[in-house]
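Enquirer: just a sequence and a predicted model for now, questions to come.
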Amino acid sequence: MQNHPILVPLLLTLGAGLATGIGSAIAFLARRTNKRLLSFSLGLSGGVMIYVSLVELFHEAEIALSAEWGTRLGGVITVASFFAGILLIGLIDRLVPSFENPHEAHLIEEMDHRPRNPRLMRMGVMTALAIGIHNFPEGIATFTSAVDNLTLGVAIAAAIAIHNIPEGIAVSIPVYYATGDRAKAFRLSLLSGLAEPVGALLAYLVLMPFLSPTLMGCILAGVAGIMVFISIDELLPAAREYGEAHTSIYGVVTGMAVMAVSLLLLA
């Protein structure tokens, strides 16, 4: 594990989480939804996360675990940890009611209609809670990746920050509908992103004291599984919901290419 301050991974995770506030601010300040930019950005985020997960994190985990347990058993543990990560985020995803899915596409133009429907406040709060539940393992993923490899941590934090922006919009719109209060909508949106630094702090307090090459390898493989699931289940479908399917795929390819070139230059 590289020797750099724990503060940097924590700050990266905090920044990624607070990007929900950027989404909320965009909802209030922008005049119209730039569907093409949102689709491309979500695709870009997915491309970065998929490439980093399958090419870097999984590979690093396999190297670490093979060194400890031998090539065959180390490979088995890596694969098991990868799918354990997918299972974890999949179970969390099942806890979120489908009618309050925080990853449903929302348009900024919705802010022009203000029915002041109090029932929508519950939807906004539940959406914020759902996003918080999703963001918790994302915070652990960002933090542990940055602790192991700061360069990868920065890339993952940036990708997660991009995908948190539409989530901020998803919280703000129903709360603003319900209350007409921009400040309240912004605060709730911002709070939904704070689950990420909370996840990072939990990882630091619970996992770091027991950190070993084996545990770190399992965590990295699990994080890879979590991010692949997020990309396939959330980012890419959300990008296509904005009606720019080809643009989102261009974003995926661009994200992979940028990540590949960056890792080659930094190798």
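Expert: Perfect, thanks for sending it.

Enquirer: CA atoms for contacts and neighbours, from now on please.
Expert: Noted.

Enquirer: need phi/psi at the residue lying farthest from the centre of the chain.
Expert: If you look at how far each residue of the chain sits from its centre, by C-alpha atoms, centre = their mean, the farthest one is residue 70, at 32.3 Å. Backbone torsions of residue 70, given as degrees, to the nearest 10, read phi 90, psi 160.

Enquirer: against residue 62, how distant is it?
Expert: 10 Å (C-alpha to C-alpha, to the nearest Å).

Enquirer: and for residue 151?
Expert: 19 Å.

Enquirer: more neighbours: which of the two?
Expert: Set residue 151 next to residue 62 and count neighbours by other C-alpha atoms under 10 Å: residue 62 wins out with 27 against 15.

Enquirer: quick one: contacts for that one?
Expert: Contact analysis of residue 62 by C-alpha atoms under 8 Å, 6 or more residues apart in numbering lists 74-75, 78, 217, 221.

Enquirer: mind giving me a markdown table with those and columns for distance to residue 44 and secondary structure?
Expert: Listed next are the contacts of residue 62 as a markdown table, based on distance: C-alpha to C-alpha, whole Å; DSSP: H, G, I helix; E, B strand; the rest coil:
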| residue | distance to residue 44 | secondary structure |
| --- | --- | --- |
| 74 | 32 | helix |
| 75 | 29 | helix |
| 78 | 26 | helix |
| 217 | 26 | helix |
| 221 | 22 | helix |
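
Enquirer: mind putting those residues in a markdown table, pLDDT included?
Expert: Converted to a markdown table, the contacts of residue 62 look like this (pLDDT from 0 to 100):
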| residue | pLDDT |
| --- | --- |
| 74 | 97 |
| 75 | 97 |
| 78 | 98 |
| 217 | 94 |
| 221 | 96 |
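
Enquirer: among those residues, which one sits closest to residue 189?
Expert: Ranked by distance to residue 189 (C-alpha to C-alpha), the contacts of residue 62 are led by residue 221 at 30.2 Å.

Enquirer: can you list the low-confidence ranges for the stretch 101-250 of the chain?
Expert: Scanning the stretch 101-250 of the chain for pLDDT under 70 picks out 101-120, 123, 242-244.
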